[in-house]
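[1] next come a sequence and a model predicted from it.
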Amino acid sequence: MATCFCRDRAQLPTACGDSQATMRGGREFAAQQNCVGGLAVCGSLKPAANRDFVVNPFTIAVLNYPSGVQSSGSFAYAFATCRPGRRRPLRSAAHGRGERREGLMHKRLAFIDTLRGIAVLAVVVQHTLEVIVRDHPTGAYHAFLHEAIGYYMNFGRFGVVLFFFVSGFVIPFSFPASASPVNDFAISRFFRLFPAYWTSIAIGLVTMQAVTSRTYPLSQIAANLTMLQSFLEVPHLWDFYWTLTIELLFYLVCIILFAAGLLHRPLTAAAIVIATALVGMAVAVLVADRAAWVVMEVGLNLSAMFLGKIIRDTVIGGRLRWRHVAGCTTLYVLFAITLSSKRYGGIYQDDFFYSYSIGAAYVCAALVFIVFAAFGERMAWRPIAFVGVISYSVYLMSPFAMDWIHHYAWPGDGPLAWFVFVAEVVTSSILVSWMTYSLVEKPWISFAHSLHSDRKGDRARASSRPTGCSAVIARHDA
């Protein structure tokens, strides 16, 4: 393989065999050739089997090649290391950045786990404070607490939307490089979600029977076991399960886009966010139908996920620019504000859902996620990242931990007692969730990995690739 960078748009590197050319910003052209050995410099090819080339930004020095290299036209620089039957790329700063980006594509990111931790703690705190305000006398603090968690900001919705951004950042890139990527993705997602979810249902049924003596119809339980209760028009056993329906819908959309070859095209997610925002705002303004607004809210949640993908394509993939993030985020924010004002009305009903609080949750989740993504691992905080690792269990188990503590360990009324109650709920939720993560989530995730199709197809394709030149892609900004 050989690589050439040119300043002139009219010049493309050419060499032996079939070539593929890519360009970025009108300044760089990279061509990859299936060749035995050689150096392509803006149109010219010189045979150089078993030769090493070394370059600097201004001159080309060729080791063990007495006749030198002649180039045509203007050029920044080009280089290749040619070893028949082996790969040994030269190093460069840009290549190092590329390697770091490639590594980030596949490693677990601590700042993403930190975001998960923030998200789930926001949900837990919101639910805990709602219990205090709804079930206990708060006296002079009543208006303050309502304004803090219902009128100006719904922290539960903020946390949920932050989860949606994280899903968009992660899920589209979870299709494995295997012989059956869609099947392996579906298997991985199934065992990632359902065992912990079924455990949550079991614990929830026991908790409700023990704490409130409440029982549920068998048909409702059976429908909820499928996680498709929303599509079956069966009520959720507990309201917080609604987010899992959105997750499943996002997985389905990703599978369809992946199968169509559209998922990883740079502008697919941007087109979805733009189209959804424009249609959603039009429906919110022109259609006076609450059912239509509910459907558009599903679109808003999916938009948050695809905006998360756009941000990843910018900060890690390098295929988009911050102007794409800015434009799509602006439309997303306008969509969120417009829909929230219609969906949740202009009169606060003391139910913790209001146009201001829900709109602020969507907007703040976007801003927090963008800041974290821009600064990357510098925003990671290990204790919160640990909570993020077990965040799915925390999300599923915390409501029942809260019910047990509220029923059997209520510390009393007053600001200090409320603080103790919140601390009890958070601590117990993390403890129980760490146990369910270790005993349920983690083993089933490992089991799912063991079911992945083999990579024989990948190995066969790798062995059939030509083993000519090793290319190094670099960028010269002189």
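    Alright, I've got the coordinates. Residues are numbered from 1 along each chain as shown.

[2] residues contacting residue 175?
    Residue 175 is in contact with 181, 182, 184, 185, 254, 258, 263, counting by CB atoms under 8 Å, 6 or more residues apart in numbering. Every C-beta, even on glycine, is put in place using the N, C-alpha and C of the backbone.

[3] for my notes, confirm it occurs in a strand.
    No: counting by DSSP: H, G, I helix; E, B strand; the rest coil, residue 175 falls outside a strand, being coil.

[4] got a pLDDT number for it?
    Per-residue confidence at residue 175 stands at 94 (pLDDT).

[5] and for the nearest residue to it once chain neighbours are set aside, the neighbour number?
    Spatially, and ignoring its direct neighbours in sequence, residue 175 is nearest to residue 181 (4.4 Å; CB to CB, 6 or more residues apart in numbering). Look at residue 181: counted by other CB atoms under 10 Å, it has 17 neighbours.

[6] which element, helix or strand, includes residue 345?
    If you go by DSSP states H and E, residue 345 is not part of any helix or strand.

[7] look up the closest residue to it, ignoring the ones flanking it.
    Nearest residue to residue 345, sequence neighbours excluded (CB to CB, 6+ apart): residue 355, at 6.2 Å.

[8] can you map out the strands along this protein?
    Secondary structure of the chain (DSSP state E): strands at 3-5, 19-24, 28-33, 38-41, 44-47, 53-55, 60-62, 77-79, 81-82, 469-470.

[9] quick one, what contacts residue 453?
    Residue 453 touches 178, 179, 180, 183, 184, counting by CB under 8 Å, 6+ apart.

[10] let's go with 6 Å and repeat that
    By CB atoms under 6 Å, 6 or more residues apart in numbering, the residues touching residue 453 are 178, 179, 180, 184.

[11] check what pLDDT the residue nearest to residue 345 gets.
    In this model, residue 355 carries a pLDDT of 95.

[12] that one against residue 341, yeah?
    Yes: Residue 355 is within contact range of residue 341, at 4.5 Å (criterion: CB atoms under 6 Å).

[13] pick out whichever of these two has more residues nearby.
    Neighbour count, other CB under 10 Å: between residue 355 and residue 341, residue 355 has more, with 20 against 17.

[14] contact partners for the more buried one?
    Contacts of residue 355 by CB under 6 Å, 6+ apart are 340, 341, 344.

[15] got it, and residue 128?
    By CB under 6 Å, 6+ apart, residue 128 lies in contact with 402, 422, 425.

[16] of the residues you listed - the most surrounded one?
    In terms of neighbours by other CB under 10 Å, the contacts of residue 128 top out with residue 425 at 25 neighbours.

[17] got a markdown table for the contacts of residue 175, with distance to residue 211 and pLDDT too?
    Formatted as a markdown table, the contacts of residue 175 follow (distance: CB to CB, whole Å; pLDDT from 0 to 100):
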| residue | distance to residue 211 | pLDDT |
| --- | --- | --- |
| 181 | 44 | 95 |
| 182 | 42 | 95 |
| 184 | 40 | 95 |
| 185 | 38 | 96 |
| 254 | 38 | 97 |
| 258 | 43 | 97 |
| 263 | 44 | 96 |
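
[18] farthest-apart pair in those residues, please.
    184 and 263 (14.9 Å; CB to CB).

[19] just give the nearest non-adjacent residue to residue 451, would you?
    For residue 451, ignoring the flanking residues on the chain, the nearest one in space by CB to CB, 6+ apart is residue 187 at 5.3 Å.

[20] could you check how far that neighbour is from residue 429?
    29 Å (CB to CB, to the nearest Å).

[21] out of these two, name the residue with the larger neighbour count.
    When neighbours are counted by other CB under 10 Å, residue 187 and residue 429 differ, and residue 429 comes out ahead with 28 against 19.

[22] quickly note the distance from the residue nearest to that one when sequence neighbours are not counted to residue 227.
    Excluding its sequence neighbours, the residue lying closest to residue 429 (CB to CB, 6+ apart) is residue 398, at 3.8 Å. Between residue 398 and residue 227 the computed distance is 19 Å (CB to CB).

[23] who's more crowded, those two?
    Neighbour totals were compared for residue 398 and residue 227, and residue 398 leads with 26 against 20 (other CB under 10 Å).

[24] please verify my assumption that that one contacts residue 124.
    Yes: at 4.7 Å, residue 398 counts as touching residue 124 under the criterion of CB under 6 Å.

[25] name the nearest residue to residue 386, sequence neighbours excluded.
    residue 117 (7.2 Å).

[26] can you report how many residues lie near the one you found?
    By other CB under 10 Å, the residues close to residue 117 number 23.

[27] wait, it sits on residue 390?
    No: if you go by CB under 6 Å, residue 117 and residue 390 don't touch, sitting 8.9 Å apart.

[28] any shared contact partners between these two?
    Counting by CB under 6 Å, 6+ apart, no residue touches both residue 117 and residue 390.

[29] contacting residues around the residue nearest the centre of the chain?
    Nearest to the mean C-alpha position of the chain, by CA atoms, centre = their mean, lies residue 169 at 1.6 Å. In this structure, residue 169 makes contact with 308, 312, judged by CB under 6 Å, 6+ apart.

[30] contacting residues around stretch 372-385?
    So stretch 372-385 is contacted by 110, 111, 113, 114, 115, 117, 311, 315 (CB under 6 Å, 6+ apart).

[31] once you drop chain neighbours, what's closest to residue 372?
    Closest to residue 372 by CB to CB, 6+ apart is residue 379, at 4.6 Å.

[32] and the spatially closest residue to residue 333 that is not a sequence neighbour, how far is that from residue 369?
    With CB to CB, 6+ apart as the criterion, residue 333 has its nearest non-adjacent residue at 5.4 Å, and that residue is residue 363. Distance, residue 363 to residue 369, using CB to CB: 11 Å.

[33] which neighbours do residue 398 and residue 124 have in common?
    In contact with both residue 398 and residue 124: residue 429, using CB under 6 Å, 6+ apart.

[34] about what we covered before: the residue nearest to residue 429 and residue 207, how far apart?
    Relative to residue 207, residue 398 is positioned 12 Å away (CB to CB).

[35] longest helix in this structure, by residue count?
    Longest among the helix segments of the chain by residue count, using DSSP state H, is helix 181-212.

[36] for it, name the packing helices and strands.
    Under the contact definition 3 or more CB pairs under 6 Å, 6 or more residues apart in numbering; DSSP states H and E, helix 181-212 sits against helix 391-408, helix 442-450.

[37] next, format the ones you listed as JSON lines and append distance to residue 233 and mean pLDDT.
    Listed next are the helices and strands packed on helix 181-212 as JSON lines, based on distance: least, CB to CB, whole Å; pLDDT from 0 to 100:
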{"stretch": "helix 391-408", "distance to residue 233": "23", "mean pLDDT": "97"}
{"stretch": "helix 442-450", "distance to residue 233": "29", "mean pLDDT": "95"}
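
[38] looking at the nearest residue to residue 266 once chain neighbours are set aside now. What's its pLDDT?
    Leaving out its chain neighbours, the residue that sits closest to residue 266 by CB to CB, 6+ apart is residue 319, at 4.3 Å. On pLDDT, residue 319 comes in at 93.

[39] ok, now the one 10 residues further on?
    If you check residue 329, the pLDDT there is 98.

[40] ok, now which ones touch it?
    residue 366.
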